[in-house]
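# sequence and predicted model, in that order:
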Amino acid sequence: MKPSISGVYALADTSLLQGAELLARVEAALEGGVGVVQYRDKSTDTVRRQREAHALRALCDIYRVVFIVNDDVELAFAVGADGVHLGRDDRSPGPARARLGPDAFIGATCYNQPELAPRALGAGADHVAFGRFFPSSTKPGEIYASLDLLRTSRATLACPIVCIGGIRVDNARPLVEAGAHALAVGNALFGPGVDSEAAARALAALWQDI
C-alpha cells in the first residue's frame, strides 16, 4: 500500500534535470526519504515524456512512493501514474477523477486563495497546494501565500495540504510547524551541486522534530 500525499514532495522538473541525470537524481532523493515524486515536463516531445514518465513510475514503485504527473491527465493514465496535479489552466478535477478513477491522487493548486480549496475538493480533488511561500526561480511571477493562510487551511480542510515555492532546507521548518503535510521542492533537491539524498534526508527529518 503506497502512502498518502505527505513528507518531501520532489518536483522532477526537466528544466532542472536532463537525460540520465533525471533518474539518477530522483533515485538519490528517494534514498533520502522522498514520499512523493511529480514529473513535470512542459515540452511537446511525446515519446520522451512517455519514456521518462514510465521510468519514474517504475522507480517509485520500487520505493513504494506516490508518483504524480504534472498537468497531463492523459500521460498519467498512459503510464499508470498514481495521480495528477492540476493548476489554474489545466482540466477540472472532475474529468481527471473520471479518467483516472476513484483511487487516484488528484491535487489542485490554490495559490494564495483558500476559497479555491473547497471548490477543488468538491469537484474531485483529494489534496490541495498553496504557494508560493518564498521567492522561486521556477515560478518567479507567482503570488505569495502566508503562514496564516496555511494555519487556517490546516484547521479547516480535511485533506492533505502541500506547500510550494522557493522551499529549502533552511526555510522549511515554519511551514511544517504551521501544518504542511508535504513540501514540494525542486531546486532544493535537484539544483546544480545539490546532494539530492542529503537534502531529502534533511527535509524529511523536519517532521520527526515536530
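Perfect, I can see it now.
# continuing past the longest strand seen in the chain, what's the next helix or strand?
With DSSP state E setting the assignment, residue counts place strand 7-13 as the longest strand in the chain. Sequence order places helix 20-31 as the next helix or strand after strand 7-13, per DSSP states H and E.
# tell me what angle whatever helix or strand comes next after that following helix forms with strand 7-13.
As assigned by DSSP H and E, the chain's next helix or strand after helix 20-31 is strand 36-40. For strand 36-40 against strand 7-13, the angle by axes from the mean of the first three to the mean of the last three C-alpha atoms, to 10 degrees is 20 degrees.
# now the angle from the top helix by length along the chain to helix 20-31?
If you go by DSSP state H, the chain has its longest helix at helix 46-63. Angle of helix 46-63 versus helix 20-31, following the same axes, to 10 degrees, is 20 degrees.
# so how far is the following helix or strand past helix 46-63 off the chain centroid?
Where DSSP H and E defines the elements, the next helix or strand beyond helix 46-63 is strand 66-70. Chain-centre distance of strand 66-70: 7 Å, with C-alpha atoms, centre = their mean, to the nearest Å.
# what does stretch 72-91 give?
12 Å.
# please apply the same query to stretch 10-23.
14 Å.
# list the contacts of the nearest residue to Arg48 once chain neighbours are set aside.
The shortest distance from Arg48 to any non-neighbouring residue, by C-beta to C-beta, 6 or more residues apart in numbering, is to Asp41 (7.9 Å). Every C-beta, even on glycine, is put in place using the N, C-alpha and C of the backbone. Neighbouring residues of Asp41 by C-beta atoms under 8 Å, 6 or more residues apart in numbering: Asp13, Thr14, Arg48, Arg49, Glu52, Asn70.
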